[in-house]
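Visitor: missing the sequence, but the structure's below:
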């Protein structure tokens with residue numbers, strides 16, 4: 001199968017077409033108008049051809065014309081695929097919005113019945129993006145955590161700096177973080193005010209930080225993205241999140257006091 005044909009098939013399937021529907025539509029697209037019998041012969045489908053045609057008609061991808069007492073099937077313009085894609089996109093957005101509204105209650109019921117934290121595991125670049133989308137989701141006021149600045153994979157670190165940080169600032173989510181002292185973290189600290197961030201620097205030899213974790217509300221996100229090792233865990237539990245938040249705030253209070261003492265000496 002040619003690369004372009006394989007891509008076309010994958011796109012059509014992603015729009016909700018079954019493989020046999022893709023076959024029928026492609027035949028009509030390349031062969032022109034055909035009667036049902038010709039489609040059966042060319043496709044090799046002995047059954048369900050007319051059912052598939054009806055399904056394609058409902059998707060507005062096939063129309064019919066009557067000529068000399070025979071019904072011919074005609075592929076709609078490929079522009080109809082874009083209309084279908086936009087309709088599916090709107091449906092996904094509506095479903096996502098509805099799910100976001102009912103999800104808190106569903107998860108509360110889950111915790112009561114199951115009696116343990118809600119835990120999700122992620123891997124790969126797409127997985128990390130999903131977690132960062134959750135970390136910087138609109139509606140929260142603050143995220144606190146710890147992160148390393150020298151080990152992240154360069155490609156993903158660029159996404160954090162150029163996409164997620166501006167998104168966080170735009171959504172007015174304040175970040176309080178602890179990071180090992182390095183040339184990069186020192187530069188971060190210089191722009192902390194404009195980046196809506198409070199950053200505490202620690203000794204990298206005594207306190208190495210090869211990964212990141214963030215905590216907010218009732219969630220904890222733990223991530224590693226060094227040298228292509230993309231993996232993450234998202235935990236949802238109010239008590240665990242509160243305990244982790246208290247621990248990080250304690251460390252920040254101690255670091256803040258240390259900084260104030262050092263300034264007093266100067």
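Guide: Nice, I can see it. As the structure is a prediction and not an experimental result, all values here were calculated from the model. Residues are numbered from 1 along each chain as shown.
Visitor: drop to CA atoms for contacts and neighbour counts, all remaining ones
Guide: Will do.
Visitor: residues in contact with the helix or strand containing residue 134?
Guide: Counting by DSSP states H and E, the element that carries residue 134 is helix 124-135. Identification of contacts with helix 124-135 by C-alpha atoms under 8 Å, 6 or more residues apart in numbering yields 122, 143, 156, 164, 214, 221, 223, 229-232, 234.
Visitor: how far away is residue 87 from residue 199?
Guide: Distance, residue 87 to residue 199, by C-alpha to C-alpha, to the nearest Å: 44 Å.
Visitor: more neighbours: which of these two?
Guide: Legend: neighbour count by other C-alpha atoms under 10 Å for residue 87 and residue 199, higher for residue 199 (23 against 13).
Visitor: thought residue 190 was touching that one, still the case?
Guide: No. Judged on C-alpha atoms under 8 Å, residue 199 makes no contact with residue 190 at a distance of 9.4 Å.
Visitor: which strand or helix spans residue 89?
Guide: Taking DSSP H and E as the definition, residue 89 sits inside helix 79-114.
Visitor: counting contacts, what elements does that helix pack onto?
Guide: With contacts defined as 3 or more C-alpha pairs under 8 Å, 6 or more residues apart in numbering; DSSP states H and E, helix 79-114 has no helix or strand neighbours.
Visitor: give the buried residues for it.
Guide: 81, 84-85 (16 or more other C-alpha atoms under 10 Å).
Visitor: same deal with stretch 41-56?
Guide: Result for stretch 41-56 [16+ other C-alpha under 10 Å]: buried residues 49, 52-53, 55-56.
Visitor: quick one: those as JSON lines, columns for distance to residue 244 and pLDDT too.
Guide: Below are the buried residues of stretch 41-56 laid out as JSON lines (distance: C-alpha to C-alpha, whole Å; pLDDT from 0 to 100):
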{"residue": "49", "distance to residue 244": "59", "pLDDT": "87"}
{"residue": "52", "distance to residue 244": "55", "pLDDT": "90"}
{"residue": "53", "distance to residue 244": "57", "pLDDT": "91"}
{"residue": "55", "distance to residue 244": "53", "pLDDT": "91"}
{"residue": "56", "distance to residue 244": "53", "pLDDT": "92"}
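Visitor: domain parsing for this structure?
Guide: 3-81, 116-265 (automatic domain parsing).
Visitor: for the most centrally placed residue in the chain, give its distance to residue 232.
Guide: Nearest residue to the geometric centre of the chain (C-alpha atoms, centre = their mean): residue 130, 3.5 Å. In this view, residue 130 and residue 232 are 10 Å apart by C-alpha to C-alpha.
Visitor: residue with max distance from the center of the chain?
Guide: Extreme point of the chain relative to centroid (C-alpha atoms, centre = their mean) is residue 68; 53.1 Å.
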